[in-house]
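Participant: fold the following for me, if possible:
(one chain, ligands or ions: 1)
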Amino acid sequence: MKKKQIETMLIHEGYESSEYQGSLTPPLFQTSTFTFPTAQHGEQSFSGESNGYIYSRLGNPTVHILEERMATLEEGEAALAFGSGMAAVSTTLFSLIRAGDHIVCSKGIYGCTFGLLEMLENRFGVQHDFCNMSTEEELYEVIQENTKVIFIETPINPTMKLIDIEKVVAVAKKKNIIVVVDNTFCSPYLQNPLSLGCDIVLHSATKYIGGHGDVIAGIVVCKTKELADAMLPVRKDTGGIMSPFDAWLLLRGLKTLAVRMERHCDNAEKVFAFLHSHPIVKEVYYPGDSNHPDYYISKKQMRKGGGVIAFTVHGSKEETQEILNHLKMIKIAVSLGDTETLIQHPATMTHSVVPKKLQQKMGITDNMIRMSVGLEAWEDIVDDLQQAFANTTIQKI
Ligand SMILES: *Cc1c(COP(=O)(O)O)cnc(C)c1O
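Facilitator: You can find the predicted model right below:
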């Protein structure tokens, strides 16, 4: 049968209702352990002779349905679900590196991924270097003999710069380096890094995949079964698997991902146009902006511009914070991808762990605001921003 469109796969993939007594939606297997009919069945499950379920830290049917769906959506051979995005990031790195190895990372990453890289360096002897990756030469300059992994985010959080995945893959292939892409900002609907040649794609499912601000979860999809098999014992022994209930919520969230993403993107385009024309706003960073310096990359690898916008204002840190305080509907909160529009101040919130000097190198300034455009009517989002701008003490230019 012809491969289904993503809108259809989000709803049906990896689940066959006839295997579950006709239940239309995937059942929730809320159990810690699984019983064996005989001791011999137990022996065979542990030896791998039979592949029945044993214990939910190793695997669970509800979690497995989600993994199957995600593997197909991201065009990989296997997926592993985790209790948080950071469990997905850390388990991925733990399964790929050992003491003495080196990681190359995009200049600009999620704050806790930055914290993890620091910990790996200070306590486990794994070095890292950041790289813009805008040209192949820049990459060759930082790659070392012991570089095992190139870890990238695109769009980069919070600056919304983009990295050309195919360009990075071309260099990595020559050097036999694994490429991992954190695809959280796009969700599988907007960008599929495995189809662009990378080896592992991961998500904080807390964001667009869940979509309703009620789950903390992560997912890894591997291009090959071998990569996933190497990760399984690490997940088992570090213990970061997703709970069955969270998998159930995510299966529910995925069903509406396509329609949600379309609206997130449409709303973000309207908010972008408003910000772009407002005198208080200095610069707006949005991958859907046709004047964005990386727009050609956006066209090449993203379906649309996404729902996250970063912008700077003509003002100090205090004045920037004041804008947030004047908002009435838009909520001040970290996280993104929820139905509610969320706004935050990266320099003092999500990226406060990054030292000031490095923040500057990454382009994170005190007058920068990051916004996750929600699913409210765009007119109401713009109205709220407009009244907050009007009420600040920032000198109008
Ligand atoms: C939120 C986020 C993470 C971490 O995910 P959690 O679910 O909060 O652990 C990792 N990467 C990116 C890009 C994120 O936005």
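Participant: where's residue 210 relative to residue 8, distance?
Facilitator: The spacing between residue 210 and residue 8, counted by CB to CB, to the nearest Å, is 20 Å. For glycine as for every other residue, the C-beta is placed from the backbone atoms N, C-alpha and C.
Participant: the more surrounded of the two?
Facilitator: For residue 210 versus residue 8, neighbours defined as other CB atoms under 10 Å are more numerous around residue 210 (24 against 11).
Participant: my guess is the more buried one meets residue 249, correct?
Facilitator: Yes - with contact defined as CB atoms under 8 Å, residue 210 counts as touching residue 249 (6.4 Å).
Participant: now the strands for the stretch 101-250 of the chain?
Facilitator: Using DSSP state E, counting those that start in this stretch, the strands of the stretch 101-250 of the chain run over residues 102-106, 127-131, 147-153, 178-182, 200-204, 218-222.
Participant: kindly format the C-alpha coordinates of the longest one as PDB.
Facilitator: As requested, the backbone C-alpha atoms of strand 147-153 are provided in PDB (Å, rounded to 0.1, in the frame of the first residue of the first chain):
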ATOM      1  CA  THR A 147      35.000  13.600  17.800                       C
ATOM      2  CA  LYS A 148      32.200  11.000  18.000                       C
ATOM      3  CA  VAL A 149      29.100  13.100  17.800                       C
ATOM      4  CA  ILE A 150      27.900  16.300  16.200                       C
ATOM      5  CA  PHE A 151      24.900  17.600  18.200                       C
ATOM      6  CA  ILE A 152      22.700  20.300  16.600                       C
ATOM      7  CA  GLU A 153      19.500  22.200  17.200                       C
END
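Participant: angle of that strand against strand 127-131?
Facilitator: 40 degrees (axes from the mean of the first three to the mean of the last three CA atoms, to 10 degrees).
Participant: right, and the ligand sits closest to which residue of this structure?
Facilitator: When scored by CB to the nearest ligand atom, the chain has residue 85 as its residue closest to the ligand, at 2.1 Å.
Participant: how about that residue, nearest residue that isn't a chain neighbour?
Facilitator: What sits nearest to residue 85 in space, not counting adjacent residues and going by CB to CB, 6 or more residues apart in numbering, is residue 204, at 2.6 Å.
Participant: now residue 324. Nearest residue, chain neighbours left out?
Facilitator: Nearest in space to residue 324, with sequence neighbours left out and distances taken as CB to CB, 6+ apart, is residue 332 at 5.1 Å.
Participant: next one: phi and psi at residue 313?
Facilitator: Backbone geometry at residue 313, expressed as degrees, to the nearest 10, gives phi -120, psi 160.
Participant: for residue 260, give its distance to residue 75.
Facilitator: Relative to residue 75, and taking CB to CB, residue 260 is found at 21 Å.
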